[in-house]
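Trainee: Okay, predicted coordinates and the sequence, questions at the end:
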Amino acid sequence: MDLEPTPDEVTPEEVTPEPERSEGQIVMGRISRKGFLWAGAAVMGAYGAGHWLFSRREAGGTQWPFRRGLEANEGFWSDTFSEAHKARTFSEKDVQAERQNGDDGLDEDYDPSTWSLSVMGVNGQEEPITVTMEELQKFPHTEMITELCCIEGWSVVQKWKGVRLIDFAKKYPPPTVSGGDPDFQRLEDLVPYVAMETPDAGYYVGLDMYSALHPQTLLCWEMNGHPLTLDHGAPLRLVIPVKYGIKNIKRLAKITYTTVKPKDFWAEQGYDWFAGL
Amino acid sequence: MIAPTQLLARFKNAKTRERSELYKKHPLAIRWFHWINFPVLFLMIWSGLLIYWANRVFTINFLGIHIGPLFSDSIYAPHAPSWVPDFFVTKSTDDAGHVTRLLWSMDARLAEGMSWHFFFAWIFAINGALYVSYLVFSGAWKKLVPKPSALKESVFVVLHDLRLYKKPLPVRKYNAAQQITYTGVIFMGLGMLITGLAIYKPAQLEWLTSLIGGYTVARFLHFWITMAFLGFFVVHVGQVIKTGWNNFRAMVTGYELVTPDEKSVLEAE
């Protein structure tokens, strides 16, 4: 009997042997498919999340999830903020060239001799209080050399002179939440916000009371040894080095103590309302 | 010239047949940290550029000669070639109503950039802290942190990658050059967090900003570490492509296929 296989008995395996896959390679095929299905789902999920985010309703010039994010950061950083945290102070030799930026609320035909400061919501006062420059300058003067940090990213060290808002507020205090007498050792009992405006209300900022009454917050009329120029906010501006430059309102004419979170020029454009440094 | 099929074979690894064993390379935790970090780092750099746009002051100077700004204005809003479909195009309309097709537009998006940046900074920090904690507590740092001999060994790795040193490198999870790079990247991440905090809260964290040398110094360092990250990213992705599919797949599945010999060496490491 002929045991040699005839050509038609040759099995296909013998002609083209199947590449033998090891157990490891077979398992790899399985977990690899699973892994890349997950990866694909993650990419689609990210695309969906992005689409969802940008289609949310607006809250202050941005989508509300962004606003919530900014507010969460505000909560974290204001919880840990106190007057013990001071902006760095510098020496005379560190003072840099002046830099002017932003002219919102600064009409060109403004006569600073018409200026006075009105303060609304002073404790126990129904009517606004009007303060002249002469009266303001009778408060103890404070000088400091601090860095103004613009939200754009640049910064300048400048010398400022004025009256600390806390000193001013001790004479014209904000009302309390409890209805009792204002106590500057218990800031938590004061109404929580201060609103500030230019004479034409073209620029306005909102501040939390803790930052407003921080010992480095100045009502300022002089920078680098000369009176403020009009484009730097003559006759009076706010200098608040624990905030970005956007909160350092120029040509300040109106201060309001309030329980309502005040509107803020740049917060309406999608920026952080708190803007704390 | 390398034929495309050869290139594909190299990418898929020519030794596929002998690589019959599964080697558990990256634990699940590491893979999560890695793939969370990838989009987060991308968002941080992208939103960082939206912020940097508002005050793009850093320049390239070489031997005191001013070469140019970083980056040129066209980086922020490059024109889209006409063949790019509308789906991938951002349209910008000027005051006169003229529409320009752009690949992307980073102009005047400072507020948005800050919103992204200060949200994802938390995720970047938490993910990074968990990653480092994992390395410490699992003992995985032992294969990652370079030994004193690594500097010399890494020279051979670089020469090997440049095809100037022909002998095969020893089989290891991470070679000396990888150890130095990956450990360095952890410190770069830490540097980003520290300089970032110094810029973010120069009053509340005044001690930190002063320690670094001030606000402008912190901003300078933050920017240049970002550039180093971009450099790392380019080399890392290049190396991953060069090393091939088997290696890349390990960062997704956790397993790499190795030869029985390699497996015994790797598991004894």
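Mentor: Structure's in. What do you need? Numbers count the residues shown, from 1 in each chain, chains lettered A, B, ... in the order given.
Trainee: of all the residues in the stretch 151-277 of chain A, which ones are close to chain B?
Mentor: Taking Cβ under 8 Å from any Cβ of the partner chain as the contact definition, the stretch 151-277 of chain A meets chain B at A:151-155, A:241-242, A:266, A:269-272, A:276-277. Every residue, glycine included, has its C-beta placed from N, CA and C.
Trainee: Need the pLDDT of residue B:131.
Mentor: Looking at residue B:131, its pLDDT reads 97.
Trainee: Is it within a helix or a strand, and which one?
Mentor: Here residue B:131, judged by DSSP states H and E, is contained in helix B:110-138.
Trainee: Report the buried residues of stretch B:102-111.
Mentor: Neighbour-count burial for stretch B:102-111 flags B:102, B:106, B:109-111 (criterion: 16 or more other Cβ atoms under 10 Å in any protein chain shown).
Trainee: Need the worst-confidence member of these.
Mentor: Scanning the buried residues of stretch B:102-111 for pLDDT, the low point is residue B:106. It has 85.
Trainee: And it, its phi and psi?
Mentor: Taking degrees, to the nearest 10, you get phi -110, psi 10 for the backbone angles of residue B:106.
Trainee: and it, what does it touch?
Mentor: In this structure, residue B:106 makes contact with B:49-50, B:53, B:75-77, judged by Cβ atoms under 8 Å, 6 or more residues apart in numbering or on different chains.
Trainee: cutoff 7 Å now
Mentor: By Cβ atoms under 7 Å, 6 or more residues apart in numbering or on different chains, the contact list for residue B:106 reads B:49-50, B:53, B:76-77.
Trainee: how about residue B:200, what does it touch?
Mentor: residue B:118 are the contacts of residue B:200 under Cβ under 7 Å, 6+ apart.
Trainee: Helix, strand or coil: sort out residue B:22 for me.
Mentor: strand (DSSP: H, G, I helix; E, B strand; the rest coil).
Trainee: measure the nearest residue to residue B:58 once chain neighbours are set aside to residue B:45 for me?
Mentor: Nearest residue to residue B:58, sequence neighbours excluded (Cβ to Cβ, 6 or more residues apart in numbering or on different chains): residue B:70, at 5.0 Å. According to Cβ to Cβ, to the nearest Å, residue B:70 stands 13 Å off from residue B:45.
Trainee: and what of residue A:157?
Mentor: Distance, residue A:157 to residue B:45, using Cβ to Cβ: 29 Å.
Trainee: picking that back up, which of the contacts of residue B:106 fall in helices?
Mentor: Mapping these onto helices (DSSP state H) picks out B:49-50, B:76.
Trainee: tell me the angle of whichever helix in chain A runs longest relative to helix B:110-138?
Mentor: Secondary structure of chain A per DSSP H: the longest helix is helix A:23-54. With axes from the mean of the first three to the mean of the last three Cα atoms, to 10 degrees defining the directions, helix A:23-54 sits at 150 degrees from helix B:110-138.
Trainee: Quick check: mean pLDDT of helix A:23-54?
Mentor: Across helix A:23-54, the average pLDDT comes to 91.
Trainee: Show me which positions of that helix end up buried.
Mentor: Neighbour count says helix A:23-54 has A:24-25, A:28, A:32, A:35 buried, by 16+ other Cβ under 10 Å.
Trainee: What's the first helix or strand after that helix?
Mentor: helix A:64-79.
Trainee: which helices and strands does that following helix pack with?
Mentor: helix B:110-138 (3 or more Cβ pairs under 7 Å, 6 or more residues apart in numbering or on different chains; DSSP states H and E).
Trainee: The helix it packs on: how far from the chain's middle?
Mentor: Computed by Cα atoms, centre = their mean, to the nearest Å, the chain-centroid distance of helix B:110-138 equals 14 Å.
Trainee: Equivalent analysis for stretch B:253-269, please.
Mentor: 26 Å.
Trainee: Would you mark the buried spots in that stretch?
Mentor: Within stretch B:253-269, the residues scored as buried using 16+ other Cβ under 10 Å are B:253-259, B:262-263, B:265-266.
Trainee: Farthest pair within those?
Mentor: In the buried residues of stretch B:253-269, two members sit farther apart than any others by Cβ to Cβ. They are B:253 and B:265, at 20.9 Å.
Trainee: what about the residue with the largest distance to the centre of chain B, which helix or strand?
Mentor: Most distant from the centre of chain B: residue B:96, at 41.0 Å, with distances by Cα atoms, centre = their mean. Following DSSP H and E, one finds residue B:96 outside all helices and strands.
Trainee: residue ranges with poor pLDDT in the chain?
Mentor: No chain in the question, so chain A it is. A:1-19 (pLDDT under 70).
Trainee: oops, chain B please
Mentor: Counting by pLDDT under 70, chain B contains low-confidence ranges at B:1-16, B:68-69.
Trainee: Name the nearest residue to the spatially most central residue of it, ignoring sequence neighbours.
Mentor: Nearest to the geometric centre of chain B sits residue B:233, at 3.3 Å (Cα atoms, centre = their mean). Counting by Cβ to Cβ, 6+ apart, residue B:41 is the residue found nearest to residue B:233 once chain neighbours are left out, at 8.0 Å.
Trainee: Dump the C-alpha coordinates for the helix or strand harbouring residue B:208 into CSV.
Mentor: Assigned by DSSP H and E, residue B:208 belongs to helix B:206-212. Extracted C-alpha coordinates of helix B:206-212, given in CSV (Å, rounded to 0.1, in the frame of the first residue of the first chain):
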residue,chain,number,x,y,z
GLU,B,206,4.0,86.9,48.8
TRP,B,207,6.7,84.8,50.6
LEU,B,208,6.7,82.4,47.6
THR,B,209,6.8,85.2,45.0
SER,B,210,9.7,86.9,46.8
LEU,B,211,11.5,83.6,47.2
ILE,B,212,11.4,83.1,43.4
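Trainee: What lies in contact with it?
Mentor: Here helix B:206-212 has contacts from A:85-88, B:194-195, B:197-198, B:202, B:215, B:218, B:221, using Cβ under 7 Å, 6+ apart.
Trainee: Show me which positions of that helix end up buried.
Mentor: Buried residues in helix B:206-212, counted by 16+ other Cβ under 10 Å: B:206, B:208-209, B:212.
Trainee: Give the next helix or strand downstream of that helix.
Mentor: Moving toward the C-terminus from helix B:206-212, the next helix or strand (DSSP H and E) is helix B:215-243.
Trainee: For the stretch 51-200 of chain B, which segments are assigned as strands?
Mentor: For the stretch 51-200 of chain B, the strands defined by DSSP state E, counting those that start in this stretch cover B:59-62, B:65-69, B:90-93, B:99-102.
Trainee: Out of those, the one nearest residue B:181 is which?
Mentor: Closest of these to residue B:181 is strand B:59-62, at 23.7 Å (criterion: Cβ to Cβ).
Trainee: which neighbours does that closest one have in its sheet, and in what orientation?
Mentor: Here strand B:59-62 has these sheet partners by DSSP bridges: strand B:65-69 (antiparallel).
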